[in-house]
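Engineer: Just to be clear, the model below is a prediction. Sequence and coordinates:
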Amino acid sequence: MALPIEVSVATEKDYERLLTIMMEAYKIEEGDTGVSFKKCPRFLNPEQEFLPDLREGKVLKAVIVHPTGEQETVGGISYCFQQDVDGSRRCHFGPFAVSPRSQGHGAGRALIDAVTDLAKQAGAASLDIEVVNWRTDLFPLYMDKMKFEVIGEAPFPAPERTTRPSHF
C-alpha cells in the first residue's frame with residue numbers, strides 16, 4: 001500500500017534535509033562513466049545556488065506520512081516563472097530530486113503535479129525542465145510517463161564543472 005504524500009511550500013527550516021536529498025540524488029552525475037558527467041557535486045555553493053529559492057518560497061517539498069503519523073521529507077523541487085519575449089509566461093522547474101531510497105513511490109509525480117497546478121494557476125503557457133544529454137535514464141520518465149517533449153538544445157551553463165562535453 002502506498003503511503004500518503006503531502007506537497008507543501010518548503011521553508012528555510014527544510015534547508016538541510018532538502019540539500020541532503022538533492023546532493024544524494026544528483027551524486028549519480030559525478031564522474032565520467034554512464035550517466036555521469038560532472039567533476040563536482042550538484043551545488044558548489046548551496047547558500048547562493050539553492051537557499052535563496054527557499055527564502056523566496058520557490059521550493060516545494062514532498063513529505064511521506066507514515067502509519068505512525070511520522071512525517072518524512074523525501075523530495076524537493078525548485079520552480080520559477082519567467083516572461084518570454086513574446087509576452088507569454090512559462091514555468092521552469094529544477095533542480096528536482098527525490099531521495100534515491102524513496103524513488104518509485106509517487107513523490108516525484110506528486111511534486112511535478114503540484115508545480116503543474118501552480119503553473120496553470122499562474123497562467124503559464126508552458127512548463128519546462130532542462131535535462132542534460134547524459135541523463136538518458138531520465139528520458140523515459142519525462143517523455144513517456146509525464147509527456148514532456150524535447151523542444152531544443154541549450155549549452156550546459158558551466159562546462160568547467162563537467163568531465164565531458166554536455167548540453168541540455
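Structural biologist: Nice, thanks for sending it over. Computed from a prediction, not measured in an experiment: that's the story for all the values here. Numbers count the residues shown, from 1 in each chain.

Engineer: so what's the closest residue to Gly108 other than its chain neighbours up against?
Structural biologist: Take Gly108 and drop its neighbours on the chain: the residue closest to it by CB to CB, 6 or more residues apart in numbering is Val98, 4.7 Å away. Where C-beta positions appear, they are placed from N, C-alpha and C, glycine not excepted. By CB atoms under 8 Å, 6 or more residues apart in numbering, the contact set of Val98 is 21, 25, 62, 74-75, 107-108, 111.

Engineer: cutoff 7 Å now
Structural biologist: 25, 62, 74-75, 107-108 (CB atoms under 7 Å, 6 or more residues apart in numbering).

Engineer: Out of those residues, flag the one nearest to Asp32.
Structural biologist: Using CB to CB, Ala25 comes nearest to Asp32 of those, at 19.0 Å.

Engineer: tell me the contacts of the closest one?
Structural biologist: Contacts of Ala25 by CB under 7 Å, 6+ apart are 97-100.

Engineer: Filter those residues down to the buried ones.
Structural biologist: Buried subset of these (neighbour count, 16 or more other CB atoms under 10 Å): 97-99.

Engineer: of all those residues, which comes closest to Thr162?
Structural biologist: Ala97 (19.0 Å).

Engineer: Good, we can wrap up now.
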